[in-house]
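[1] based on what follows, work out the 3D shape:
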Amino acid sequence: MPPFNLMCEDIIRLKGRENNSKENRKESMTTITIYRNKRNEHKFIEVHNDGHCHNSLKQYLQWERNVVTGEPLPKPVKNITGDRRLHRWRKANLKELLEDYEPVTA
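    Numbers count the residues shown, from 1 in each chain. This next block holds a predicted model:
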């Protein structure tokens, strides 16, 4: 019977875990693009793209001024709409949605 550590190495090799190490994995960068609604200046959409074909969205409303008095707020208020989760969209549906939005430039 072979020593115990040789058996463990064989088991790991058979399961293919050595190919799944951090060094062998390709890291993908998630890019976040923010769009503003053309009709409502307070409505925004964050599009998270993972570098493949998955686009996830988060919609929120943001105010930089007090609605009642019109004074600037010390920190913008951000209200996330819906269930506060990222939802995946297909490319065709996302293109149709983004017709009503324009990209925000910093």
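[2] same question for stretch 49-57: list its buried residues.
    Asn49, Asn55, Ser56, Leu57 (16 or more other Cβ atoms under 10 Å). Backbone N, C-alpha and C define where each C-beta goes, glycine included.
[3] for these, give me JSON lines that also has secondary structure and distance to Lys75.
    What follows is the buried residues of stretch 49-57, written out as JSON lines (DSSP: H, G, I helix; E, B strand; the rest coil; distance: Cβ to Cβ, whole Å):
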{"residue": "Asn49", "secondary structure": "strand", "distance to Lys75": "28"}
{"residue": "Asn55", "secondary structure": "strand", "distance to Lys75": "29"}
{"residue": "Ser56", "secondary structure": "strand", "distance to Lys75": "26"}
{"residue": "Leu57", "secondary structure": "strand", "distance to Lys75": "24"}
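[4] out of the residues you listed, who's nearest Val68?
    Leu57 (30.3 Å; Cβ to Cβ).
[5] any idea what the residue nearest to the spatial centre of the chain is bridged to?
    Centroid-nearest residue in the chain, with Cα atoms, centre = their mean: His48, separated by 3.2 Å. For His48, the beta-bridge partners are Ile32, Ser56 (DSSP bridges).
[6] quick check, it in contact with Ile34.
    No - His48 lies out of contact with Ile34 (Cβ atoms under 8 Å); the separation is 10.5 Å.
[7] quick one: low-confidence ranges for this structure?
    1-28, 106 (pLDDT under 70).
[8] quick one: the strands in it?
    31-37, 43-49, 55-65, 72-80, 87-89, 101-103 (DSSP state E).
[9] mean neighbour count, those strands: which tops it?
    Neighbour counts (mean count of other Cβ atoms under 10 Å) averaged over each of those peak at strand 43-49, with a mean of 18.
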